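Novice: Please find the sequence and the predicted model below.
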Amino acid sequence: MIRGKRAGKFASGIASLALGFSAAAVAQGLDQANLLKPGPDSWPLYHGDYTGQRHSALKQITPQNVGNLTLAWAFQTGQQATLKASPLLIDGVLYFTVPDHVWAVDARSGHQLWHYTYPANKGLHIGQRGVGAYKGWIYFLSPDGHLISLDAKTGKEHWNVEVADVAKGYWTTMSPFIVKEHLIIGVSGDFDNLHGYLKSLDPETGKEQWHWDSTPKDRTGGMTWMTGTYDPDLNLIYWGTGNPTPVLNGKTRPGDNPGTCSIIALNPDTGTQVWAFQVSPHDTHDWDAAESPILVDGTFKGQPRKMLMQASRNGYFVVLDRTNGKSLLTVPYSPVNWSLGLDKDGRPIPNPEKEPAPDGRLIAPDENGAGNYRSASFDPKTGLFVASAREAYSIYFSKPADGDYGWAGADYGVWSKGVIKAIDYQTGKIRWEHEIGDSATAGVLTTDSGVTFTGDFHGNALALSTVDGKTLWHSNTGSIISTSPTSYELDGRQYVLIGSGGVMFAWALPETAVAKR
Amino acid sequence: MRRKILLFGALTGVLLVGRAFFPREVEGQSVATTAATQKLSPEQSAHIEAGNTSFQQKCAFCHGRDAGGGETGPDLTRSKLVLEDVNGNKIGDVVKNGRAGRMPPFDIAGPELENLVAFIHSQAQKAAMSGKRKGVDISDLQTGNLDAGKKYFEGAGGCSKCHSATGDLAHIATKYEGLQLMERMLYPRGAKSKATVTTASGEKLTGVVEYQDEFVLGIIPEDGRYRSWPVSKIKYTIDAPHQAHVEQFSKYTDDDIHNLMAYLQTLR
């Protein structure tokens, strides 16, 4: 819990002491105990907590009153880049990003405390998913592969280390992941035949602790561009890896291409791989399995299980036993036409006839996939896994002249549709669907009161009923929403944050209504 | 291959800037071989290199680092629009305004835009000179069987329920060819739905759907004046015949698609 740790505020200092926190913890900022049990007034990790469930315990905003939701504040970045970050909230301050920029903003008012700008560089500026935080430091990955440690109070640079070589074709976008004394980062880059990897660094100094490569030395691909999850009891981190390279030409890389399009379990202290489950063996369609690996403890077919769930880019929803990586369920949640069924281990079997070809192959889903960067959410009460899904068809081409480097082919989306889908994790059956337009870009947040926050493809922020998917509230943000919603409570008022275009919107119930509670 | 673009500034000694120096035909046809090769001035090389930097930051994710196509964005080195562009007169519009639902607009103007255009043209010319026929050529899409395609069109495919080879599709192969014809055959992107609306006062209007989300319906009736309503206040029906293409996706085999292509290409 970070409740009551607002530096310099005497009253809250007393409150935190009364709740049993030491003065030392207040001075040090975020530590491992905070990360293990984040309080309602914090969002200290990309997914809010280590499970990746993106389920908020907050209940002030309910299905009954969400219709009264109003704008608490909005923050304009003034940048043309689209917000894709999940803001971290620590000690009443929000930290969020677009490529080359970090802001620290008052979570109550939207007032800017500081703005850090990274120098112009040649890295790919496709997106920035947010910072990591530990003790008094904020960690930011630049488009050109540098990891920068900033002072959370001032935004001043503490240190800067290179973690990926932009000249080779890498770039970095993800929110650095803190586990104990490890600062773990992943990389992007599939326009070149490169090795995907994870690195762990000392959060104080930036010194490398371990390095893990996704693929064997003679193979490439398996980028690690989304933030993972962590099970402290098993002491395992879980990470999704990207496609093999060359991307669309699979002929030069026969076999499954292990380590790519996979969910990987690693020991965070050593970087040793404990197990791997390949969601797309021998991928030839760019279907990264980088979507959030969500950790759920519950029953599966009557047995208590430690599970991991993912709505993957290739159109399959998978449930694994996260102690050993064995499949419990693999089932499509969106149209899929590229597989010949499942193998004995529950992995889809790719149909060789559906590899990209000179005259084109009709493939579902398209390269953007059924799932992608936008986060899904797990609602423990209903047992629903709520995913912002795409249904899509495309044509894939590859011919010898396209070569065996980088993309090595071409693909064209033909049609797509966005649908919020509530998946029953026990069966994979879709309990409800909510159509959101021609595609899907926004992530999902569920709350304990039974509200699901997300967005449609017209720029509407949406509140849906988690039980049946019916619309409870909406507000058009004026731009496509490419973020996943987050929520926190400060001074007894619950806020919901949704970044859209270059604006961060904070919604809450009217102050008068909150005061009356 | 793709790595080389990062070194591009150092390698551009014999490359060319701008279509003005290098007239060529559109997609699928050969490059004019009579054009003289012009050596680049240091200034031109600097423009291209600066354009390369902007391109890597803002365009490369979708269009590939060498502009040869990547995630979601088409190959610019073979783009008809790029080949027809003169000094940014066409590229500039797309960059500034984007493409509805496909590409966002970018706030790039002045020297930055000029540099970007120079880079795209230099990549297009580099691709043309490399001799490798990357991407999708018309010749790649000739694997189908004409008779089987005609049969599918008139029978199992159900195409003739809405379309006619002598009516709406007459001469279709002279309007579209190659990949573009194939894409439009699979789904006519941009096809507009029609709505018939009965308002609370009983007024009945029919028009092209301009906007529709789950809350508001906006149409443009024949008089051209946009009208919109909260959907809860009206009764309406939507007529979207192109939806039949979506229902066809799960029924097609790849052979059906290639055969259908063979048939449509005869409708000249």
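Specialist: Received the coordinates, thanks.

Novice: Can you classify residue 52 as helix, strand or coil?
Specialist: Reading this off chain A. Secondary structure, DSSP: H, G, I helix; E, B strand; the rest coil: A:Gly52 is coil.

Novice: was after chain B, sorry
Specialist: Assignment for B:Asn52 (three-state DSSP): helix.

Novice: where does it land on pLDDT?
Specialist: Here, the pLDDT recorded for B:Asn52 equals 89.

Novice: before we move on, what about B:Gln29?
Specialist: pLDDT, read off for B:Gln29, is 33.

Novice: likewise the one 5 residues further on?
Specialist: In the predicted model, B:Thr34 carries a pLDDT score of 33.

Novice: And for B:Ser193?
Specialist: Model confidence at B:Ser193, expressed as pLDDT, equals 97.

Novice: Show me which residues of the stretch 51-200 of chain A sit near chain B.
Specialist: Contacts of the stretch 51-200 of chain A with chain B, taken as CB under 8 Å from any CB of the partner chain, map to A:80, A:82, A:99, A:120-126, A:143, A:167-169, A:191-192. Heads up, the C-betas are built off the backbone N, CA and C, glycines and all.

Novice: of all those residues, which two lie farthest apart?
Specialist: The largest separation in those, counting by CB to CB, is between A:Gln80 and A:Lys168 at 27.7 Å.

Novice: Please produce a PyMOL select command covering the buried subset of the residues of the stretch 51-200 of chain A next to chain B.
Specialist: Buried residues among those (16 or more other CB atoms under 10 Å in any protein chain shown), as a PyMOL selection:
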select buried, chain A and resi 82+99+121+122+123+124+125+126+143+169+191+192
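
Novice: Relative to A:Arg253, which of the residues of the stretch 51-200 of chain A next to chain B is nearest.
Specialist: Checking those against A:Arg253 with CB to CB, the nearest one is A:Asp192 at 14.5 Å.

Novice: residue contacts, the residue lying closest to A:Leu201 once chain neighbours are set aside?
Specialist: Nearest non-adjacent residue to A:Leu201, counting by CB to CB, 6 or more residues apart in numbering or on different chains: A:Leu183, 4.6 Å away. Residues counted as contacts of A:Leu183 (CB atoms under 8 Å, 6 or more residues apart in numbering or on different chains) are A:Gly132, A:Tyr134, A:Tyr139, A:Leu147, A:Pro176, A:Phe177, A:Ser200, A:Leu201, A:Asp202, A:Pro203, A:Gly206.

Novice: Quick one: buried ones out of the residues you listed?
Specialist: Using 16+ other CB under 10 Å, the buried ones in those are A:Gly132, A:Tyr134, A:Tyr139, A:Leu147, A:Pro176, A:Phe177, A:Ser200, A:Leu201, A:Pro203, A:Gly206.

Novice: distance between the ends of stretch A:474-484?
Specialist: Using CA to CA, to the nearest Å, the gap from the first to the last residue of stretch A:474-484 comes to 16 Å.

Novice: likewise stretch A:298-313?
Specialist: End-to-end distance (CA to CA), stretch A:298-313: 24 Å.

Novice: Please give the element, helix or strand, for A:Tyr393.
Specialist: Using DSSP states H and E, A:Tyr393 sits in strand A:384-397.

Novice: Same check on B:Arg184?
Specialist: helix B:178-186.

Novice: residue ranges with poor pLDDT in the chain?
Specialist: In the absence of a named chain, this looks at chain A. Flagging of chain A using pLDDT under 70 yields the residue ranges A:1-28, A:515-517.

Novice: should've been chain B
Specialist: Along chain B, the parts satisfying pLDDT under 70 run over B:1-38, B:70-71, B:130-134.

Novice: Okay, angle between the strand holding A:Tyr393 and helix B:178-186 too, please.
Specialist: Strand A:384-397 runs at 140 degrees relative to helix B:178-186, counting by axes from the mean of the first three to the mean of the last three CA atoms, to 10 degrees.

Novice: roughly how far is strand A:384-397 from the heart of the chain?
Specialist: Distance, stretch centre to chain centre, for strand A:384-397: 17 Å (CA atoms, centre = their mean, to the nearest Å).

Novice: now swap in stretch A:40-56 and tell me
Specialist: Computed by CA atoms, centre = their mean, the chain-centroid distance of stretch A:40-56 equals 11 Å.
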